[in-house]
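*Asks:* I would like to see how this sequence folds:
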Amino acid sequence: MPKYLIAFVISVFFVNFILIKPANVFAMTGQASVNPNDFDGTDTERISQAIQKAKNTSNLVRIPRVNANGTNIWMIDSAILLPSNLTLILDNCTLQLSNSSRDNMFRSDNVGLGITNPEWNENINIYGIGKAILKGASNPRSTGDGARILTLNPKEEQDKGNWRVSYGTDAGNPEMKQKGDWRNIMMLIGYVKNFTIKNIRFENTHGWTISFERTIGAELSDLTIFNEEFVTVNGHKMMVANKDGINLRQGCKNFRINNISGMTGDDFIALSNLDTAPDRDKKSGDITDSMVTASRWYGPEDDIEQVVITNISCENRYRAIAIRASDQAGIHHVYINGVVFKANEGRHDAILIGGRGYGEESLPGKINTIHAMNIIGNGQSLVRIQAQVADCHFMNGMYTGENATATLYEIDSLTTSNVTQNNWIKVK
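*Replies:* Here you go, the predicted model:
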C-alpha cells in the first residue's frame, strides 16, 4: 500500500476512535425533566410552557415521541425560544414546521425581530435520543435567504433569467414580505456562550439548517442533514435556495464540529465572515437581512477562529466546506481532518477558500492558518483558492475528479504566503 494511503487510513481511524462518543452520553437518566404533554395549547405553546416551567428550576425539558394529541409529530407554528441554562432532550420525537409557520424552529431567545442590542445567553444544550428528527413544512410559506424573491414556480422564473428566486406560498400576496430572511433558518443561535447539539437528523429545511452568529464555545456532533435543493410539494418538484448545512457567521469562535453527514442543496459547512454593502446601515433585529445580528465586521472580536472540523461525509453540487471572507474580516486557525466529498454533476470543490461576489475581496493574510488533511473528493478540485491567504497547509488528499491537479488557484499563487501541500494528489 502506498505511504500516503497508509497515513490516510491511520489518521482517519485515530480521529474516529478518539472523537466519536457512544449514544448513551445523551441518556441523562435520573434527572427530573418537564414534559410538554403536561400543558394545554398548541404544540408550540406547550413546548414553550415546558421551557418556562423548567427555567431556573430543573432547566431540563424532554419532548417525548408520543404527542398527547394522539399523533407522533409535534407541529411548530413559530420559533421555540431557547433561554440560558437550558437542556432540551428530543426523545425519539419528530418536530415539524407547520404550513402556517414563517419562522425558525429554534432560536436563542436573546435575538429576534426588533432586538437591536442583544445580550449574551449561555449554556444551551440540545440532545437527541434514538431517532430525533427536525423537519421543514410540507408546503412552506417562505424559503431562501434575504436576497431571494418568493415564487410559486421557481423553474418558470429561472427560465426567464430570474435566478434569485425560491419557492414559497406567500409569493404574490401583497400583505406578506416577498423575500426570504433569517426566519427561514431552522435553528438560529446568536450571542451565545457554550452551546451543544448532538444526535439529531434534519430534513428539508427552508434555508440554512443551523446558523451561528457571534457564538463562542460550541460543540456539534453526530448530526445527519438531508436537505436537498429540490423538494416535492403536491407532487411537483420545487427549487428551494440556500439549503446549507451548518453556517458560522461573524464572531464565531472555539467550535468543534464532528461526525456530520448527509446531503445539502448548498454548501455543507460554511464559514462566512462577510461585510457586504458597507455603505448601508446594518443593525440587529432587522427582518430584511439574512442575519439576525448586524451583518457587519466591527473588528477582531468578529473574526471567525479556533474551529475544528472532523469526520465529514457529504454530497452536493457546491462545497463540503466553504471559507469566505471579505475586506478586513478575518477567518483563521481552522483545522479540518477527515472529509469525504461527493460532488454531484462534477461541480465545485471539497474546500473553497476565499469567496467572491460578497463585497470587497479579502485583504492579504486575513484568511490564514488553515490546516486541512485526509480529504477525498471529486468535483473540480480538493481546494479552490480565491484569496491571498497565508499559512495554509494541505496534507493527505486524494482527488478523483477530471482536472489535472488537486488544487485550483483563481489568483496568482505567488500572491499567497506560505501555502504548502504534502501527499495532495490527483488519483487516476
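*Asks:* in stretch 269-278, what counts as buried?
*Replies:* Judged by neighbour count (16 or more other Cβ atoms under 10 Å), stretch 269-278 contains these buried residues: Ile269, Ala270, Leu271, Ser272, Asn273, Leu274, Asp275, Thr276. (C-beta placed from N, C-alpha, C; glycine too.)
*Asks:* quick check, nearest of the residues you listed to Ala294?
*Replies:* Asp275 (9.9 Å; Cβ to Cβ).
*Asks:* ok, now how distant is the closest residue in space to the closest one that isn't next to it in sequence from Ser362?
*Replies:* Residue nearest to Asp275 in three dimensions, not counting chain neighbours: Trp297, with 4.5 Å by Cβ to Cβ, 6 or more residues apart in numbering. For Trp297, the distance to Ser362 (Cβ to Cβ, to the nearest Å) stands at 11 Å.
*Asks:* any stretches of the stretch 151-300 of the chain with poor pLDDT?
*Replies:* When residues are selected by pLDDT under 70, none of them lie in the stretch 151-300 of the chain.
*Asks:* all helices for it, in order.
*Replies:* If DSSP state H, counting those that start in this stretch is used as the criterion, the helices of the stretch 151-300 of the chain fall at 154-159.
*Asks:* and stretch 109-128, how far from the chain's centre?
*Replies:* The chain centroid and the centroid of stretch 109-128 are separated by 17 Å, computed with Cα atoms, centre = their mean, to the nearest Å.
*Asks:* name the residues that touch that stretch?
*Replies:* Contacts made with stretch 109-128 from outside it, assessed by Cβ atoms under 8 Å, 6 or more residues apart in numbering, are listed as 26, 28, 79, 81-90, 106, 108, 188-201, 213, 283-285, 287, 292-293.
*Asks:* and those, which of them are buried?
*Replies:* 26, 79, 81-84, 86-90, 106, 108, 188-201, 213, 284-285, 292-293.
*Asks:* residue contacts, the residue nearest to Ala137 when sequence neighbours are not counted?
*Replies:* Taking Cβ to Cβ, 6+ apart, and ignoring the residues beside it in sequence, Ala137 has Leu97 as its nearest neighbour in space, at 4.4 Å. With contacts taken as Cβ under 8 Å, 6+ apart, Leu97 has the following neighbours: Met75, Ile76, Asp103, Met105, Lys135, Gly136, Ala137, Pro140, Met186, His206.
*Asks:* hmm, try it at 6 Å
*Replies:* The contact partners of Leu97, taken as Cβ atoms under 6 Å, 6 or more residues apart in numbering, are Ile76, Met105, Gly136, Ala137.
*Asks:* what sits against the third one?
*Replies:* Under the criterion of Cβ under 6 Å, 6+ apart, the neighbours of Gly136 are Leu97, Asn204, Thr205, His206.
*Asks:* again, 8 Å this time
*Replies:* Neighbouring residues of Gly136 by Cβ under 8 Å, 6+ apart: Gln96, Leu97, Met186, Glu203, Asn204, Thr205, His206, Val231.
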